[in-house]
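>>> sequence? don't have it. structure:
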């Protein structure tokens, strides 16, 4: 009996310590390490003649609502037109996406019309092989990039050690256009900056990043979180540097429903576990700082739902001890706060904390769902486009029962906890 209590207590405290470390201690530690051992890299200055040729690649599926605006935004970039090609790769679109893209023929816009839907990873593989320029800028159909974003990204490639560059994504309210970056998104951006200083940046923002075409990996079919995997596969294979440049900015609008965020997180969870099978070599301590950031920032986060379950279960089994009785009370209070979080207004006392608790619990519940989806078998890389604000649901775009329903956050929840 004593041995069982000891095991339960050990599981309780290890679970608690892992969560506290990943979410609270790791940010402090990475900040200190970045200041002690990192370097604040400065982007090289390029003359006009040194500006490299780039290919902007956008994979699209049924994006008739936004694709014209995206192309116009790309054409308005402050970049030499003779060194820019804009490539739209349609993954079996059944709406007017292809017809809209064809209207821009002759304006540095090239359509790759893949008639059979094959999944984003397969489309990226096929499209990358047809690009003409040495630098590939990847983005999304619903993204709007700042005019100078491409210039800011590509200047880093003057350093031959740099293989990929990640820009900054800003989430905006579709009604007001205002910035609705939440506490969690700011927290994640802070971590990116510190990890970048250590040369241990993890992946990129799918809305805005660039990679050398020669380093673009062949993605396994069915890859879900391609923006995470692509730069890290390149780093795993070549040891290239991945740089974060917060001055290269892209904007995306938030989307209309809370259920979408849950599905997005479930997809990320499935994709995260899938990615471990591709990137596990980066966990080797011989790889340097990236082994620490990958384990602390990603692996422990993906394990957090299990830590939460073990923490609550062992707490109930140890409840007759005073310290554990107090702990179970705190846990139940936290879950009660999570339950009422979406029902309180912004002006309510502790409203921000209540919404934060709700989003934390829902985020981890979605990661748990994602784990079991990954466990259930191979994933398909096909994705379902996000319904835009004010747009009626499209029956052709309803998600099959897979974790690949790609969605974005609600504006309200972005203000508290972004992905």
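Arrived safely, thanks for sending. Just so we're clear, the structure is a prediction, and the values are computed from it rather than from any experiment.

>>> pLDDT of stretch 296-310, averaged?
Stretch 296-310 shows a mean pLDDT of 96 in the predicted model.

>>> if we look at that stretch, which residues are touching it?
Residues lying outside stretch 296-310 but in contact with it, judged by CB atoms under 8 Å, 6 or more residues apart in numbering, are 11-12, 15-16, 18-19, 21-23, 26, 29-30, 191, 195, 202, 269, 272-273, 276, 283, 364-365, 367-368, 371. In this view, the C-beta of every residue, glycine as well, is placed from N, C-alpha and C.

>>> Buried members of those residues into PyMOL, please.
The command below creates a PyMOL selection of those among the contacts of stretch 296-310 that count as buried (16 or more other CB atoms under 10 Å):
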select buried, resi 11+12+15+16+18+19+22+26+30+191+195+202+269+272+273+364+365+367+368+371
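
>>> Mind checking which of the contacts of stretch 296-310 land in strands?
Within the contacts of stretch 296-310, no residue falls in strands by DSSP state E.

>>> Sitting in helices, which of the contacts of stretch 296-310 do you find?
Secondary structure of the contacts of stretch 296-310 is defined by DSSP state H; positions in helices are 11-12, 15-16, 18-19, 26, 29-30, 191, 195, 269, 272-273, 276, 364-365, 367-368, 371.

>>> Name the residue closest to the centre of this structure, please.
residue 205 (5.5 Å; CA atoms, centre = their mean).

>>> Surely that residue is in contact with residue 170?
No. Contact between residue 205 and residue 170 fails when scored by CB atoms under 8 Å: they sit 10.0 Å apart.

>>> sec struct for residue 77, please.
Three-state call for residue 77 (DSSP: H, G, I helix; E, B strand; the rest coil): coil.

>>> and it, what is it in contact with?
Residue 77 sits next to 84, 145, 147, 149, 150 when contact means CB under 8 Å, 6+ apart.

>>> Now list whatever residues contact both of residue 205 and residue 170.
residue 250.

>>> Now name the helix or strand holding the closest residue to residue 219 other than its chain neighbours.
For residue 219, the nearest residue in space outside its immediate sequence neighbours is residue 121; the separation is 4.1 Å by CB to CB, 6 or more residues apart in numbering. Per DSSP states H and E: residue 121 is located in helix 120-128.

>>> who's in contact with that helix?
Outside helix 120-128, the residues touching it (CB under 8 Å, 6+ apart) are 57, 59, 61, 87, 89, 91, 112, 114, 118, 136, 138, 213, 216, 218-223, 226, 230, 381-383.

>>> So which residues of the stretch 1-150 of the chain form helices?
Secondary structure of the stretch 1-150 of the chain (DSSP state H, counting those that start in this stretch): helices at 2-20, 26-37, 67-75, 97-102, 120-128, 149-154.

>>> Revised request: answer the last question for the stretch 201-350 of the chain.
Assigned helices in the stretch 201-350 of the chain, in chain order: 226-238, 258-279, 289-293, 300-317, 322-340 (criterion: DSSP H, counting those that start in this stretch).

>>> which of the residues in the last one are buried?
Burial within helix 322-340, assessed by neighbour count using 16+ other CB under 10 Å, is assigned to 324, 327, 328, 334, 337, 338.

>>> For the third one, give me its contacts.
Residue 328 sits next to 312, 315, 316, 319 when contact means CB under 8 Å, 6+ apart.

>>> what separates residue 239 from residue 287, distance-wise?
9 Å (CB to CB, to the nearest Å).
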